[in-house]
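> Just to be clear, the model below is a prediction. Sequence and coordinates:
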Amino acid sequence: MKVEGAAAAAFKDTVAKEGGSMPAREELAMAALTPEEFDLFADVGRVRRVYAGDVLFRRGELGTTMYVVVKGAIDLDFGDDLIVKRLGPAEFFGELGLLIGDHARSAEASVPVDGELLELHHEEFQRLVEREPGMVCYFLRRAIMRVVLNEQGLIRRLRRRNQDLESALDNLRATAHQLQQTEVLIRTDELTGLANRRGMTRHLADRRRNGAMSGLGLLLVDCDSFKQINDDHGHLVGDRVLQSVANILRSVSGAGDVACRLGGDEFALLIKATTREEVMRIAEFVLTTAQGLQRMGHTPPLICSLSIGACLVGPEGDFNDWYAHADAALYRAKRDGGNRVEWQDSRSLPA
Ligand SMILES: Nc1nc2c(ncn2[C@@H]2O[C@H](COP(=O)(O)OP(=O)(O)OP(=O)(O)O)[C@@H](O)[C@H]2O)c(=O)[nH]1
């Protein structure tokens, strides 16, 4: 349909009103028709009035029509979190539908304000080609460039988003690592690297959850006259002695056993054992290893003699009950001069 110069005049008028000048050269080159092209398109296209709220087409719909904005504006929504692109007078869209044929629209085109469009179908475009092949060729070049630039823009945005995601992932990994470190720190004794009381409690909670509470033995290990070592040689030497005790306990701990510093000069070792002999064998080993180190006669001392209370523990009761059993034996070991192991039978614990 021929619209004479009416659409062209409207377009020029709108451009003058809205922009005060013609669109910038590079914008014209990409998204807008030149006035000459507009005249030509207006000559073959049909004018369509559009109203705020109209939707010309939706994403994914097949279409064969291209449009040029004469008056008003059109919003192209590419979906997801891509920005909505607003087109103004002389800008064209939907050209791929026209050029390719049944092309799935990549954006939803909606009308934000009342306005006018030029519609071009395949036949009209064919007439353009016949009339002004040179101009159409120039238009096609720009249309292709626009598609390429859009693609490149999309790739850049995806790359940026990918980088953002990667750095978010790195942050998450770092935070998870920090949390893991913190988790390890709060259940570890700083001086010796053994579990602390909290670590032992968590270990037992895990065991209880996994139904692995039977077949365990407990050693309660206390340094003899440790205060004297601190008093005679200073705190650092005392620290070193505590570390030596920790090393002995660590060396006898098998997989699933837990060596723990309960606090001060008191340690606990929870081991897998089903008989008194098994528990006592480990306890004797700890005792004699400390004795052997002591016999080396280092000054300042690397170790001190130990008192150990030993018992078997059952699934019934909690750590406090087990501690009371082992502590009864430890009390006897201390009372009888230290540097020894005492056994506590769970049935013969005084009330
Ligand atoms: N060097 C050092 N000393 C500590 C630490 N924690 C606690 N102590 C000291 O360990 C000492 C323990 O003293 P006591 O409970 O009287 O024990 P002991 O001297 O071994 O006496 P017996 O157990 O009866 O043989 C105290 O003097 C505490 O100050 C530590 O981390 N490092």
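It's in. These numbers come from a predicted model, not from an experiment.

> Tell me the gap between the longest helix belonging to the chain and the middle of its chain.
Across the chain, the longest stretch assigned as helix under DSSP state H is helix 133-186. Computed by CA atoms, centre = their mean, to the nearest Å, the separation of helix 133-186 from the middle of its chain amounts to 17 Å.

> Then stretch 66-79?
39 Å.

> Name the SS class of the residue in the chain that the ligand sits nearest to, please.
Taking CB to the nearest ligand atom, the ligand has its nearest neighbour within the chain at Gly238, 2.6 Å off. C-betas here are computed from N, CA, C, even on glycine. In the three-state summary, Gly238 is assigned as helix, counting by DSSP: H, G, I helix; E, B strand; the rest coil.

> Gln228 is in contact with that one, correct?
No. Contact between Gly238 and Gln228 fails when scored by CB atoms under 8 Å: they sit 9.6 Å apart.

> And the pLDDT for His325?
Listed pLDDT for His325 reads 92.

> Tell me the bridge partners for Gly115.
Note on Gly115: beta-bridge partners Val50, judged by DSSP bridges.

> who's in contact with it?
Arg49, Val50, Val69, Val70, Lys71, Gly72, Ala73, Ile74 (CB atoms under 8 Å, 6 or more residues apart in numbering).

> Could you report the neighbour count for the fifth one?
Residue neighbour count, defined by other CB atoms under 10 Å, stands at 21 for Lys71.

> Could you verify my assumption that it touches Pro89?
Yes. Lys71 is within contact range of Pro89, at 6.5 Å (criterion: CB under 8 Å).

> In the stretch 1-150 of the chain, what residue spans correspond to strands?
Remark: strands assigned in the stretch 1-150 of the chain by DSSP state E, counting those that start in this stretch are 46-50, 55-57, 62-63, 66-71, 74-77, 85-87, 92-93, 103-104, 108-110, 115-120.

> which residues are contacting the fifth one?
Applying CB under 8 Å, 6+ apart, the contact partners of strand 74-77 are 50, 56, 59, 67, 84-87, 91, 93, 107-112, 115, 117.

> which bits of this structure sit near the ligand?
191, 222-227, 230, 235, 238-239, 242, 264-265, 334, 338 (CB under 6 Å from any ligand atom).

> Please pick the buried ones from those.
The neighbour count (16 or more other CB atoms under 10 Å) marks Asp222, Cys223, Asp224, Phe226, Asn230, Gly238, Leu242, Asp265, Lys334, Gly338 as buried among those.

> With adjacent residues omitted, what lies nearest to the fourth one?
This points to Phe226. Leaving aside its sequence neighbours, Phe226 sits nearest to Asp265 (CB to CB, 6 or more residues apart in numbering; 4.1 Å).

> in the protein, which helix or strand is least confident?
One helix or strand of the chain scores below all others by mean pLDDT, DSSP states H and E: helix 25-30, with a mean of 47.

> quick revisit: export the strands of the stretch 1-150 of the chain to TSV and tack on distance to Thr34 and mean pLDDT?
Formatted as TSV, the strands of the stretch 1-150 of the chain follow (distance: least, CB to CB, whole Å; pLDDT from 0 to 100):
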stretch	distance to Thr34	mean pLDDT
strand 46-50	19	96
strand 55-57	23	96
strand 62-63	25	91
strand 66-71	12	95
strand 74-77	19	94
strand 85-87	16	92
strand 92-93	11	92
strand 103-104	24	86
strand 108-110	22	95
strand 115-120	14	96
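
> Tell me, how many residues neighbour the closest residue to Leu306 other than its chain neighbours?
Of all residues not flanking Leu306 in the chain, Ala290 sits nearest, at 4.9 Å (CB to CB, 6+ apart). A count of nearby residues for Ala290, using other CB under 10 Å, gives 24.

> so which strand or helix has Ala290?
Assigned by DSSP states H and E, Ala290 belongs to helix 276-295.

> Which elements pack onto that helix?
In terms of contacts (3 or more CB pairs under 8 Å, 6 or more residues apart in numbering; DSSP states H and E), helix 276-295 is packed against strand 216-223, helix 235-252, strand 266-272, strand 306-313, strand 340-343.

> ok and that helix relative to strand 216-223, angle-wise?
On the basis of axes from the mean of the first three to the mean of the last three CA atoms, to 10 degrees, helix 276-295 is oriented at 20 degrees to strand 216-223.

> Contacts made by helix 276-295 with the rest, please.
217-219, 221, 244-245, 248-249, 251-252, 269, 271, 273, 301-306, 308, 310-312, 339-341, 343.

> Please save the CA atoms from that helix in PDB.
What follows is helix 276-295 as a C-alpha-only set of coordinates in PDB (Å, rounded to 0.1, in the frame of the first residue of the first chain):
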ATOM      1  CA  ARG A 276      39.900 -55.600  79.500                       C
ATOM      2  CA  GLU A 277      43.200 -57.000  78.100                       C
ATOM      3  CA  GLU A 278      42.900 -55.000  75.000                       C
ATOM      4  CA  VAL A 279      42.400 -51.700  76.900                       C
ATOM      5  CA  MET A 280      45.100 -52.500  79.400                       C
ATOM      6  CA  ARG A 281      47.600 -53.400  76.700                       C
ATOM      7  CA  ILE A 282      47.200 -49.900  75.200                       C
ATOM      8  CA  ALA A 283      47.200 -48.200  78.600                       C
ATOM      9  CA  GLU A 284      50.500 -50.000  79.500                       C
ATOM     10  CA  PHE A 285      52.000 -49.000  76.200                       C
ATOM     11  CA  VAL A 286      51.200 -45.400  76.900                       C
ATOM     12  CA  LEU A 287      52.600 -45.600  80.400                       C
ATOM     13  CA  THR A 288      55.800 -47.400  79.500                       C
ATOM     14  CA  THR A 289      56.500 -45.100  76.500                       C
ATOM     15  CA  ALA A 290      56.300 -42.100  78.800                       C
ATOM     16  CA  GLN A 291      58.600 -43.900  81.300                       C
ATOM     17  CA  GLY A 292      61.000 -44.700  78.500                       C
ATOM     18  CA  LEU A 293      61.200 -41.100  77.400                       C
ATOM     19  CA  GLN A 294      61.600 -40.000  81.100                       C
ATOM     20  CA  ARG A 295      64.500 -42.400  81.500                       C
END
